[in-house]
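# coordinates only, sequence not included:
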């Protein structure tokens with residue numbers, strides 16, 4: 001009897017201990033990191049009514065991508081979708097078991113503009129949410145802005161409707177480094193009454209463009225209408241004469257009618273020959289793009305027209321039809337190689353000999369015969385051509401090999417290796433001709449030598465970019481392509497060029513630290529801040545970008561001497577400050593500052609409030 005009592009007591013004690021301590025799985029869980037979460041709600045802007053059926057995506061951001069500056073290149077994919085949820089009738093969403101890290105949260109719903117959390121403008125950049133272990137980030141609120149719509153008719157000069165035409169809305173966009181481009185935010189094809197309607201259009205300023213649509217050739221019940229040139233609203237063939245429209249939230253814009261005018265068109269005919277063989281290339285392509293002055297505000301509206309082009313690989317002959325009068329670039333190229341870059345040899349002596357011979361076109365030099373040459377960059381040709389009031393015949397396009405430009409970078413002596421960040425620097429060449437792409441060089445190597453491969457003959461501007469997020473402490477002091485000043489002016493590369501691109505850096509860059517506040521002296525976090533030179537605004541490397549931290553602090557490093565202004569907008573489309581017309585509206589609101597070589601300064605900057 002006593003034994004049974006003792007057993008009962010032992011059992012009760014064990015049971016108590018199990019309850020108090022917990023099960024083995026509970027004990028293991030208690031040793032794990034606390035669970036983090038992100039919670040919020042999606043509502044309609046203005047009314048704050050909850051929105052159901054909104055898709056909310058959690059995106060993990062690399063640490064370097066969160067703070068990357070204007071001239072920074074983040075290798076690889078900088079962001080990765082982690083999870084997606086859909087809101088119910090209460091508009092609420094929740095992400096549970098979120099690992100510590102940096103995130104962006106994006107919400108999208110039919111009929112509303114896509115929005116990132118903390119995004120100050122429709123096409124702005126959202127804020128990065130930093131999640132720590134055990135943190136529950138609440139009150140992540142999205143106020144989605146309703147989209148607008150555009151409708152109208154496309155007709156000829158006699159008011160006859162034209163079916164099968166594609167109508168597109170385009171807006172001007174800029175990259176981090178100021179490269180001008182365009183983005184399409186929707187399109188529609190005209191019906192049998194010539195009518196179109198483009199819906200779910202985010203608020204903003206747009207150009208309306210009309211061109212031949214796929215239905216004209218794909219549908220058997222649509223007769224082929226006369227060929228019309230690409231036309232901008234209301235009736236402009238020249239983009240500079242077009243009228244833009246401002247789409248406002250939740251508004252329909254009817255009556256955006258475009259009148260197409262039949263213009264006399266001409267043809268361009270000629271032959272393509274490879275300079276190396278004297279014969280037509282095995283395969284080639286020709287293209288025609290409008291020639292405009294570099295920096296023209298209308299460059300963004302120019303997409304490649306749908307010319308009727310035929311080529312004959314056997315003879316090298318080509319013909320382009322349907323060309324309206326104007327100034328153009330005529331280009332020809334063979335198939336594009338997949339990878340025209342190369343890991344250079346590590347031996348310094350071989351490297352210097354290799355790059356020198358390569359830049360001078362001596363790729364068959366015996367002293368580099370044992371080294372691996374880069375894949376051959378496809379030869380190309382480009383000539384300016386003006387179409388007036390007649391066809392152009394017998395155009396000769398001679399494909400010339402692209403060249404390698406030898407680059408030498410120096411700072412405080414012949415070797416830049418000891419300078420922090422120099423090993424992440426990349427030389428970029430920006431073509432001044434419209435329609436051409438940026439050409440990136442390889443990272444620098446020993447003794448400051450590198451090369452930019454696959455450079456077609458043409459005119460270029462120089463810029464430096466970095467593959468790390470931290471801002472370097474140095475700046476570009478001088479740059480010469482041969483005897484030509486390559487820092488302030490463009491320079492010309494030809495197939496016979498053997499000049500070296502010499503770049504001189506200085507490690508005496510200045511530093512600027514600051515705090516961003518609003519009109520009530522409250523510090524503002526997660527706001528982009530940009531440092532813009534008062535002069536030489538055609539030099540992207542002089543621009544500096546930062547994002548304020550949780551305390552409203554920001555910092556710029558490696559600043560070249562000169563006069564600058566600091567801007568921080570509460571709401572501005574991403575990188576639109578590259579547009580001189582946009583920047584001129586805020587010029588007086590920027591914080592003026594003079595930077596001297598090696599100086600350090602601290603400033604307080606007021607945020608520029610959103611325009612009502």
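That came through, no problem. The structure displayed is predicted, hence computed values, not measured ones. Numbers count the residues shown, from 1 in each chain.

# shaky segments in the chain?
Low-confidence segments of the chain (pLDDT under 70): 1-33, 62-80, 215-226, 292-306, 335-377, 412-424, 433-447, 466-471, 611-612.

# what ranges do the helices span in it?
2-21, 24-31, 63-66, 215-218, 348-359, 580-584 (DSSP state H).

# To what extent is residue 461 buried, counted in neighbours?
Number of residues near residue 461 (other Cβ atoms under 10 Å) recorded here: 19. All C-beta spots, glycine's among them, are computed from the backbone N, C-alpha and C.

# Not counting its neighbours along the chain, what's nearest it?
Here the nearest residue to residue 461 in space, its sequence neighbours aside, is residue 430; by Cβ to Cβ, 6 or more residues apart in numbering that works out to 4.6 Å.

# wouldn't the one you found be in contact with residue 464 here?
No. In this structure, residue 430 is not within contact of residue 464 by Cβ atoms under 8 Å, at 11.3 Å.

# Now do the contacts for the residue nearest to residue 461.
179, 438, 460-463, 540 (Cβ atoms under 8 Å, 6 or more residues apart in numbering).

# just residue 202 next, same as before
113-114, 122-123, 145, 147-148, 185, 247.

# now with 7 Å?
113, 122, 147, 185 (Cβ atoms under 7 Å, 6 or more residues apart in numbering).

# Tell me which entries of those residues lie within strands.
residue 185 (DSSP state E).

# need the contacts of residue 202 in JSON lines with distance to residue 390 and neighbour count, can you?
Output for these, formatted as JSON lines (distance: Cβ to Cβ, whole Å; neighbours: other Cβ atoms under 10 Å):
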{"residue": "113", "distance to residue 390": "48", "neighbour count": "23"}
{"residue": "122", "distance to residue 390": "47", "neighbour count": "17"}
{"residue": "147", "distance to residue 390": "47", "neighbour count": "23"}
{"residue": "185", "distance to residue 390": "39", "neighbour count": "18"}
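
# any idea how far residue 128 is from the most centrally placed residue in the chain?
Most central in the chain under Cα atoms, centre = their mean is residue 175, positioned 3.8 Å from the mean C-alpha point. From residue 175 over to residue 128 the distance is 20 Å, taken as Cβ to Cβ, to the nearest Å.

# surely residue 236 meets residue 242?
Yes. Using Cβ atoms under 7 Å, residue 236 is in contact with residue 242, at 4.5 Å.

# Now do the same contact list for residue 93.
Residue 93 neighbours (Cβ under 7 Å, 6+ apart): 40, 42, 56, 85, 87.

# typo on my end, residue 234
243, 258-259.

# Need those residues in a markdown table (columns: neighbour count and distance to residue 561).
Listed next are those as a markdown table, based on neighbours: other Cβ atoms under 10 Å; distance: Cβ to Cβ, whole Å:
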| residue | neighbour count | distance to residue 561 |
| --- | --- | --- |
| 243 | 12 | 43 |
| 258 | 24 | 51 |
| 259 | 18 | 54 |
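
# And for the residue lying closest to residue 494 once chain neighbours are set aside, the neighbour number?
Spatially, and ignoring its direct neighbours in sequence, residue 494 is nearest to residue 457 (5.1 Å; Cβ to Cβ, 6+ apart). Residue 457 has 17 neighbours, counted by other Cβ under 10 Å.

# Can you give me every residue that contacts residue 457?
With the criterion set at Cβ under 7 Å, 6+ apart, residue 457 makes contact with 400, 493-495.

# What of residue 204?
With Cβ under 7 Å, 6+ apart, residue 204 has these contacts: 122-123, 171, 247.

# Distance check, it against residue 122.
With Cβ to Cβ as the criterion, residue 204 and residue 122 are 6 Å apart.

# Quick one: distance of stretch 508-515 to the chain centre.
Centroid separation between stretch 508-515 and its chain, computed with Cα atoms, centre = their mean, to the nearest Å, is 26 Å.

# what's the distance between residue 568 and residue 507?
28 Å.

# More neighbours: those two, which one.
The residue with more neighbours, out of residue 568 and residue 507, is residue 568; 26 against 19, by other Cβ under 10 Å.

# so that one makes contact with residue 517?
No. Residue 568 lies out of contact with residue 517 (Cβ under 7 Å); the separation is 9.7 Å.

# tell me the contacts of the closest residue to residue 386 other than its chain neighbours?
Nearest residue to residue 386 in three dimensions, chain neighbours excluded: residue 327, at 5.2 Å (Cβ to Cβ, 6+ apart). The contact partners of residue 327, by Cβ under 7 Å, 6+ apart, come to 290-291, 386.

# how about stretch 581-596: buried residues?
Of all the residues in stretch 581-596, those buried under the rule 16 or more other Cβ atoms under 10 Å are 583, 590-591, 593, 595.

# Actually, stretch 542-558.
Neighbour-count burial for stretch 542-558, counted by 16+ other Cβ under 10 Å, picks out 542-548, 552, 554, 556-558.

# Stretch 241-252 now?
So, applying 16+ other Cβ under 10 Å, buried residues of stretch 241-252: 242, 245, 247, 249.

# Then stretch 116-133?
Buried residues in stretch 116-133 (16+ other Cβ under 10 Å): 116-131.

# coming back round to it: please identify which pair of the contacts of residue 457 lies farthest apart.
Spatial extent of the contacts of residue 457 (Cβ to Cβ) is set by the pair 400 and 493 at 11.3 Å.

# Please identify which of those two sits among more neighbours.
In this view residue 400 and residue 493 are compared by other Cβ under 10 Å, and residue 493 has more residues nearby, 22 against 18.

# and the gap between the more buried one and residue 195?
Residue 493 is 50 Å from residue 195, by Cβ to Cβ.

# Please apply the same query to residue 572.
Distance from residue 572 to residue 195, by Cβ to Cβ: 35 Å.

# and these two? which has more neighbours close in?
Neighbours were counted for residue 572 and for residue 195 using other Cβ under 10 Å; residue 572 has more, 23 against 17.

# Quick check on that one: phi, psi?
phi -150, psi 140 (degrees, to the nearest 10).

# you'd agree it is up against residue 119?
No. Residue 572 lies out of contact with residue 119 (Cβ under 7 Å); the separation is 11.2 Å.

# from the chain's centre, how far out does stretch 604-612 sit?
For stretch 604-612, the distance to the chain centre is 25 Å (Cα atoms, centre = their mean).
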